[in-house]
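J.: Give me a 3D structure for the following:
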Amino acid sequence: MKKNKLITNLLLCFIVLSITVAAKATNNDISQEQTFTDKGIDKRIYVVDSNLDFNPIGKVVKYNKDINVKPIIERNAVKYSDYTNFNELQRKKRDEEKEAYLVKLAVTPEEDRFTNELFEFLEKYNLVYYELGSSTEPLMGINATQPTDVSVNTPFVIYDSTNRLWEVWGGFNFSNPNAWWSERPDCGGFCNPTGNIGGYDTLGINLSGGTNGAALKDFFMQALWQDAPSPYNSGLTGQYSYRVTNRVGTLDSSVGAMFLGQDSISSFGLGSDGYQKFANNFGSGAVCLKYDSKFANANGLARVYYRHTWNQTTIDSITLSSDGTFSITIKGGEAATPTLIGRDYAY
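T.: Residues are numbered from 1 along each chain as shown. Below you'll find the model as predicted:
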């Protein structure tokens with residue numbers, strides 16, 4: 001009897017184990033939502049391993065080197081989208097609100113992006129955040145402004161199921177405002193240190209793998225204010241200063257855009273603490289490229305470029321090289337960083 005009971009128990013264990021293994025094998029083939037907590041923040045991440053049905057709206061979907069997940073994102077996002085037939089004014093308001101948040105996100109380091117606010121925003125505006133795959137290439141260093149002074153932030157892609165567009169975003173910010181503050185116009189202490197910081201700076205994105213014939217429907221660079229260091233800070237950090245909608249350089253295709261922006265320091269009067277207040281109108285900036293649905297089948301690498309000048313130096317030319325990279329030259333002196341290039345991120 002004991003022998004039979006032992007055999008029966010072993011058979012039951014084998015059956016349970018087999019069912020468990022089979023269930024795990026099945027789950028590995030589907031789109032799994034991973035919810036976990038980091039510093040009290042819930043993060044909802046989808047890992048797509050097959051061409052199955054799931055709702056990506058309000059979620060982050062990760063790049064998968066073994067399968068192009070963008071067509072899956074697009075199809076399911078359209079299916080599950082809470083689409084609203086906006087009139088022209090409503091759509092304009094909706095798009096302005098959406099872009100304002102994404103501009104802020106583009107100048108935020110990746111490790112600080114995934115908040116509950118982000119997921120609520122994605123859900124509200126029927127968006128999917130496509131997290132790109134990063135390479136192991138190191139960030140190129142820069143000279144006068146040290147790497148710790150400037151952050152060229154990780155690009156990301158948004159699928160807008162309302163407008164049926166793919167949006168590629170990138171940006172930069174001065175993580176150390178003392179860097180540009182030390183480059184302010186020198187007036188010998190007898191005037192306000194306002195005016196241009198050197199000549200033009202440049203910011204842009206390049207897609208080295210192309211766009212699969214996707215039309216570049218819109219593109220722009222949004223410059224943002226950044227406060228001078230304390231006690232001269234004016235409370236303007238993160239607010240819009242100006243927008244650029246004209247591309248520069250030899251790039252005239254759909255694979256990216258470079259923009260020129262003039263950084264300058266403005267005065268905002270005396271504060272209640274008795275100190276004059278100042279801010280830089282291009283202390284950070286975001287770039288956006290918008291593509292039609294053909295982009296879903298594109299594959300390649302996204303790079304963010306930035307170059308900063310001061311004193312009498314300015315950007316001279318921007319040339320797209322045969323290898324898909326940008327060559328950015330300067331004139332009027334050597335007071336400029338080398339071209340700062342972010343890592344390659346696979347889309």
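J.: alpha carbons only for contacts and neighbour counts from here, please
T.: Fine.
J.: any weak-confidence spans in this protein?
T.: Along the chain, the parts satisfying pLDDT under 70 run over 1-43, 135-147, 187-191, 249-253, 321-325.
J.: ok, which stretches of it are helices?
T.: Using DSSP state H, the helices assigned to the chain run over residues 2-27, 70-80, 88-106, 116-124, 178-181.
J.: distance of the closest residue in space to residue 294 that isn't next to it in sequence from residue 162?
T.: Excluding the flanking residues, the one nearest residue 294 by C-alpha to C-alpha, 6 or more residues apart in numbering is residue 214, at 4.7 Å. As for residue 214, its distance to residue 162 is 18 Å (criterion: C-alpha to C-alpha, to the nearest Å).
J.: was I right about the residue nearest to residue 294 contacting residue 290?
T.: No. Between residue 214 and residue 290 there is no contact under C-alpha atoms under 8 Å: 9.5 Å.
J.: that older thread, residue contacts, the residue nearest to residue 294?
T.: 254, 291-295 (C-alpha atoms under 8 Å, 6 or more residues apart in numbering).
J.: Tabulate those residues in CSV, adding columns for distance to residue 125 and neighbour count.
T.: Listed next are the contacts of residue 214 as CSV, based on distance: C-alpha to C-alpha, whole Å; neighbours: other C-alpha atoms under 10 Å:
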residue, distance to residue 125, neighbour count
254, 26, 19
291, 18, 22
292, 18, 18
293, 18, 18
294, 22, 15
295, 20, 22
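J.: what's the most distant pair in these?
T.: Farthest-apart pair in the contacts of residue 214 is 254 and 293; separation 13.7 Å (C-alpha to C-alpha).
J.: Next, the residue nearest to residue 294: phi, psi?
T.: Phi and psi for residue 214, reported as degrees, to the nearest 10, are phi -70, psi 140.
J.: Residue 97: which of the contacts of residue 214 is nearest?
T.: residue 291 (19.4 Å).
J.: Skipping its backbone neighbours, what lies nearest residue 169 in space?
T.: Nearest residue to residue 169, sequence neighbours excluded (C-alpha to C-alpha, 6+ apart): residue 288, at 4.7 Å.
J.: Identify the bridge partners of that neighbour.
T.: residue 169, residue 220 (DSSP bridges).
J.: give me the beta-bridge partners of residue 129?
T.: The partner residues for residue 129, given DSSP bridges, come to residue 60, residue 158.
J.: so what's residue 311 up against?
T.: By C-alpha under 8 Å, 6+ apart, residue 311 lies in contact with 183, 185, 197-199, 335.
J.: for residue 166, that is, sorry about that
T.: Contact analysis of residue 166 by C-alpha under 8 Å, 6+ apart lists 157-160, 290-293, 295-296.
J.: Please apply the same query to residue 67.
T.: Contacts of residue 67 (C-alpha under 8 Å, 6+ apart): 49-50.
J.: Same check on residue 237?
T.: Neighbouring residues of residue 237 by C-alpha under 8 Å, 6+ apart: 224-227, 279.
J.: Skipping its backbone neighbours, what lies nearest it in space?
T.: Nearest residue to residue 237, sequence neighbours excluded (C-alpha to C-alpha, 6+ apart): residue 226, at 4.1 Å.
J.: Burial check on the one you found, number of neighbours?
T.: 28 (other C-alpha atoms under 10 Å).
J.: what's the answer for residue 96, then?
T.: Neighbours of residue 96 (other C-alpha under 10 Å): 12.
J.: ok, it to residue 125 distance?
T.: Computed with C-alpha to C-alpha, the distance linking residue 96 and residue 125 is 11 Å.
J.: my read: residue 255 touches residue 206, true?
T.: Yes. Between residue 255 and residue 206 there is a contact at 6.1 Å, judged by C-alpha under 8 Å.
J.: When these two are compared, which one has more neighbours?
T.: Set residue 255 next to residue 206 and count neighbours by other C-alpha under 10 Å: residue 206 wins out with 24 against 21.
J.: Return the distance of that one relative to residue 317.
T.: 16 Å.
J.: Then residue 162?
T.: Residue 162 is 38 Å from residue 317, where distance means C-alpha to C-alpha.
J.: Of those two, which one has the most company?
T.: The neighbour comparison of residue 162 against residue 317 (other C-alpha under 10 Å) goes to residue 162, with 19 against 13.
J.: list the contacts for the closest residue to the more buried one other than its chain neighbours?
T.: Once flanking residues are discounted, residue 162 sits nearest to residue 83: 6.0 Å by C-alpha to C-alpha, 6+ apart. Taking C-alpha under 8 Å, 6+ apart, we find residue 83 in contact with 126, 161-162.
J.: how about a markdown table for these, with distance to residue 306 added?
T.: Formatted as a markdown table, those follow (distance: C-alpha to C-alpha, whole Å):
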| residue | distance to residue 306 |
| --- | --- |
| 126 | 31 |
| 161 | 30 |
| 162 | 31 |
